[in-house]
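Undergrad: what's the 3D shape of this:
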Amino acid sequence: MRRISFIVCLLLALARPGAAQAVDQTTRDLIQSLLTRIDTLEKRVSELEQGTPPRTAASVVPTPAPAAAAAPANAQTASVVAHMNHDQAPAPDEAQPSYPSLKISGFGDIDYSGTDLHGANGGFQPQTLLAPHSGFEEGQFVLHLSSALSPKVTVFSELSLTARSDAGTGTPPAPGFNIELERLIVRYDLNDYFKLSFGRYHTPINYWNTAYHHGSWLQTSISRPEMVQFGGSFIPVHFVGAQAEGAIPAGGLNLNYNLGIGNGRGQVISRDGDFSDINNNRAWLANLFVKPDFLYGLQVGASVYRDELNPISAPAAREWIRSAHIVWHRENPEFIAEFADVTHNPIKGGVTSNSQAGYAQLGYRLPGAAKLWKPYYRWEYIHVPQSDPIFKGIVPSYSASTAGVRYDISNFAALKFEYRKYLRPDLPTINGFFAQTSFTF
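TA: Numbers count the residues shown, from 1 in each chain. Now for the predicted structure:
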């Protein structure tokens, strides 16, 4: 209390009329603020000494919030900014953060599809929404959980619940939803140049697979391209192992890298080696991309992936995957293009085969009063030769066009509408209309 009394006397001396002339306005404002703060502290001390119960949050007059930052230029950017703020922990008043610090965010979507498909869809994944019957469908319900364990160690996990088409059938009856641990990663951040992690990842061998995770709200379109579809076989969507990553300025090019080693594909090649590798040959990958300062929004990169496959119904083979992408990730316009080539070389001899897949998507956020609308178009294709025994029969060959529009009904929810046309070799053309409401919370 002696220190407070001394400060009070000093401030009063400075604040008296004779001294005020020698003190500028800024200093007087500071003095008044300190006097107000000291008065509050003295009242609080008096309350504690008298045994008065502490005031509740409702009884405290809130401090006016600082002026809000300038609004994002468009609704899509607003959605992304809002979601980033949603993911961040509130700024604590405490000097020291507490650990662990858990944050949870979620995603969901409800879909509608109507197509002229009759019979089996020929290998397309359920998330593509190609089905012989029209109607509504519960999409994925996804939870992202992240926790800081220390200033440099974090844990992240992603859980999804997906509706089953065979719910209630069989003995015992199948459950209504599949629960899947999509990602589980523990990461140590030494610095921006080097970060080391272990866990289950979305394999970083192309752009879409690491830019847009589970949660359809994150992406412009209703569904992912088939080459990177969840549950698909063209690329290994998931990867279990260890990864080093980082970013190097490189003279304004901002060179980013991912280097990984881990279990390869499982005997069902759409699955990764969650339990263990199926052979003694680890899969490895390398991914490099640049994001130059002088062209903000541009990203150009390439990846390689190496594995040895032992599928259930095909001969063992060595697998090489090479991919490249170019992205202009702006709203006016948004452009994403990727290409991947997969080589299968049978270990015991046979024909070496190459399968290719690619897509290009263009979107544009409308200006002015129409900024909540974002029309887009995507062309995609997959080619699997008859000589590829691993992909033949489980990966569809086709080309497709998608025309759609996204409408952001809020910063955290969107409506999407699409028309798609699929051309398949020696099979009927598929036309379909699709709609989706997606959201984050």
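
Undergrad: so where do the strands sit in the stretch 251-400 of the chain?
TA: Assigned by DSSP state E, counting those that start in this stretch, the stretch 251-400 of the chain shows strands spanning 255-263, 283-290, 298-309, 317-329, 334-346, 353-363, 373-383, 398-410.

Undergrad: any idea how far the closest residue to residue 412 other than its chain neighbours is from residue 109?
TA: Closest residue to residue 412 in three dimensions, ignoring its sequence neighbours and counting by C-beta to C-beta, 6 or more residues apart in numbering: residue 440, at 5.2 Å. All C-beta spots, glycine's among them, are computed from the backbone N, C-alpha and C. Separation of residue 440 from residue 109 (C-beta to C-beta, to the nearest Å) stands at 10 Å.

Undergrad: what is in contact with these two at once?
TA: Shared contacts of residue 440 and residue 109 (C-beta atoms under 8 Å, 6 or more residues apart in numbering): 215, 217.

Undergrad: ok, back up a step: which among the strands of the stretch 251-400 of the chain is found nearest to residue 277?
TA: strand 255-263 (4.1 Å; C-beta to C-beta).

Undergrad: re the thing from before, now tabulate the strands of the stretch 251-400 of the chain in a markdown table and tack on distance to residue 391 and mean neighbour count.
TA: Listed next are the strands of the stretch 251-400 of the chain as a markdown table, based on distance: least, C-beta to C-beta, whole Å; neighbours: other C-beta atoms under 10 Å:
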| stretch | distance to residue 391 | mean neighbour count |
| --- | --- | --- |
| strand 255-263 | 20 | 19 |
| strand 283-290 | 17 | 19 |
| strand 298-309 | 11 | 20 |
| strand 317-329 | 10 | 18 |
| strand 334-346 | 7 | 19 |
| strand 353-363 | 5 | 20 |
| strand 373-383 | 9 | 19 |
| strand 398-410 | 13 | 18 |
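
Undergrad: which stretch among these comes nearest residue 152?
TA: Of all those, strand 255-263 sits nearest to residue 152, with 18.9 Å by C-beta to C-beta.

Undergrad: how distant is that closest one from the center of its chain?
TA: Strand 255-263 sits 18 Å away from the centroid of its parent chain (C-alpha atoms, centre = their mean, to the nearest Å).

Undergrad: Stretch 113-133 now?
TA: 26 Å.

Undergrad: which residues are in contact with it?
TA: By C-beta under 8 Å, 6+ apart, the surrounding residues in contact with stretch 113-133 are 111, 134-135, 137, 139-140, 162, 165, 222-224, 226, 229-232, 393-396, 398, 422, 424, 427-428, 430-435.

Undergrad: Those in strands, which ones?
TA: 111, 135, 137, 162, 398, 422, 424, 427-428, 430-435 (DSSP state E).
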